[in-house]
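Enquirer: Sequence and predicted structure are below.
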Amino acid sequence: MPQQRTAYIINSMNARGHHISSIYMSGGQAKNRGLMQLFADTCSMPVVLPKDSGGAVVLGAAMLGRYAAEAQSSDGEREGQAERLWNIMASFVHAEKVFKCAKMKGAHSWS
């Protein structure tokens, strides 16, 4: 099951010092509310869906373009790249729906 593989990857990365605390989903699979809830429950973290999941590819290209433009002006400075990319993503993506895991809320949050 894909959600179990995702949970394994997230747990492995977090055990090695990363801090993954939510999952952002888009595309066709994001339309399946039951699957999104299953991901949230299996991974024990919120699954966030954007307002426009169909435009995710275009939005991703715009984010990378902005990141490249900012990197060009920073004289190749590598420190803080991940945080800059995250901040760009956060400024572009506005959540429409968040599925909380049952452990966090005590019940499914499909509304």
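Expert: Ah, there it is. Nothing here was measured: the structure is a model prediction, and the numbers come from that model.
Enquirer: So for the protein, the centremost residue is which one?
Expert: Residue closest to the average C-alpha location in the chain (Cα atoms, centre = their mean): Y24, at 2.5 Å.
Enquirer: who are the neighbours in contact with that one?
Expert: V47, V48, L49, P50, V93 (Cβ atoms under 8 Å, 6 or more residues apart in numbering). Heads up, the C-betas are built off the backbone N, CA and C, glycines and all.
Enquirer: Which single one of those residues is nearest to A30?
Expert: Within the contacts of Y24, proximity to A30 (Cβ to Cβ) peaks at L49, which comes in at 5.1 Å.
Enquirer: mind checking the SS state of that closest one?
Expert: strand (DSSP: H, G, I helix; E, B strand; the rest coil).
Enquirer: From what I see, it and M25 are in contact.
Expert: Yes. Between L49 and M25 a contact is recorded at 5.8 Å, counting by Cβ atoms under 8 Å.
Enquirer: Quick check: neighbours shared by the two?
Expert: Contacts common to L49 and M25, judged by Cβ under 8 Å, 6+ apart, are M36.
Enquirer: those strands in this structure, which residues are they?
Expert: For the chain, strands defined by DSSP state E occupy the ranges 23-24, 47-50, 95-99.
Enquirer: what's the closest of the contacts of Y24 to T6?
Expert: Closest to T6, out of all of the contacts of Y24 and judged by Cβ to Cβ, is V47, at 9.9 Å.
Enquirer: residue contacts, that closest one?
Expert: Applying Cβ under 8 Å, 6+ apart, the residues near V47 are S22, I23, Y24, M25, M36, Q37, F39, A40, V98, F99.
Enquirer: That concludes my questions; thank you for your assistance.
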